[in-house]
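Please find the sequence and the predicted model below.
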Amino acid sequence: MESAGRTRVLLLDDCQNGLEGFYAPARNRIGLCGNIHSSDVTLIRTLMHEATHRLQHFRQQELAAQLDAEQHMNALEEQASTSDAHRFKNLCQLNRPLQGC
């Protein structure tokens with residue numbers, strides 16, 4: 001995984017109403033709107049929410065590769081099951097006297 005460096009967390013006191021916090025990926029910064037939060041609990045919840053965005057941003061390539069690998073495995077499994085069904089059908093046609101096909 002690419003090194004993300006340190007993320008600065010800023011406590012701001014001039015945020016507009018409705019904005020509790022933000023993550024700025026270009027600057028690797030989290031802003032927390034201290035003037036909006038009425039308690040430390042809500043401030044910490046916002047910090048955790050924005051930290052999640054930070055992790056998602058820096059793990060984006062790794063997660064994309066993982067999803068690609070999973071899709072590739074699903075395609076291989078589908079191909080194998082289709083191929084097995086086709087082989088079974090051909091085997092049944094060759095052995096018509098056998099029951100159970």
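Ah, there it is.

so what's the residue nearest the centre of the chain up against?
Within the chain, the residue whose C-alpha comes closest to the C-alpha centroid is Leu63; the distance, by CA atoms, centre = their mean, is 5.6 Å. Contacts for Leu63 (CB atoms under 8 Å, 6 or more residues apart in numbering) come out as Gln56. Quick note: C-beta positions are derived from backbone N, CA and C, even for glycine.

Let me know how buried Glu21 is, in neighbour terms.
For the record, residue 21 is Gly, not Glu. Gly21: 26 surrounding residues under other CB atoms under 10 Å.

I figured it hits Glu50, correct?
Yes - between Gly21 and Glu50 there is a contact under CB atoms under 8 Å: 4.9 Å.

Which neighbours do those two have in common?
Here Gly21 and Glu50 share the contacting residues Ile30, Gly31, Leu32, scored by CB under 8 Å, 6+ apart.

I'd like to know how far the residue nearest to the centre of the chain sits from Phe22.
Leu63 sits 21 Å away from Phe22, going by CB to CB, to the nearest Å.

Likewise for Glu78?
Applying CB to CB to Glu78 and Phe22 gives a distance of 42 Å.

Any buried residues in stretch 71-84, and which?
Residues of stretch 71-84 classed as buried: none (neighbour count, 16 or more other CB atoms under 10 Å).

How far off centre is that stretch?
23 Å (CA atoms, centre = their mean, to the nearest Å).

So for it, mean pLDDT?
Stretch 71-84 shows an average pLDDT of 73 in the prediction.

Convert it to PDB, retaining C-alpha atoms only.
What follows is stretch 71-84 as a C-alpha-only set of coordinates in PDB (Å, rounded to 0.1, in the frame of the first residue of the first chain):
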ATOM      1  CA  GLN A  71     -14.700 -10.900 -10.000                       C
ATOM      2  CA  HIS A  72     -12.100 -12.900 -11.900                       C
ATOM      3  CA  MET A  73     -12.500 -15.800  -9.500                       C
ATOM      4  CA  ASN A  74     -16.300 -15.700  -9.900                       C
ATOM      5  CA  ALA A  75     -15.900 -15.700 -13.700                       C
ATOM      6  CA  LEU A  76     -13.500 -18.700 -13.400                       C
ATOM      7  CA  GLU A  77     -16.000 -20.600 -11.200                       C
ATOM      8  CA  GLU A  78     -18.900 -19.900 -13.600                       C
ATOM      9  CA  GLN A  79     -16.800 -21.000 -16.500                       C
ATOM     10  CA  ALA A  80     -15.800 -24.200 -14.700                       C
ATOM     11  CA  SER A  81     -19.400 -25.000 -13.700                       C
ATOM     12  CA  THR A  82     -20.600 -24.400 -17.300                       C
ATOM     13  CA  SER A  83     -17.800 -26.600 -18.600                       C
ATOM     14  CA  ASP A  84     -18.500 -29.400 -16.100                       C
END
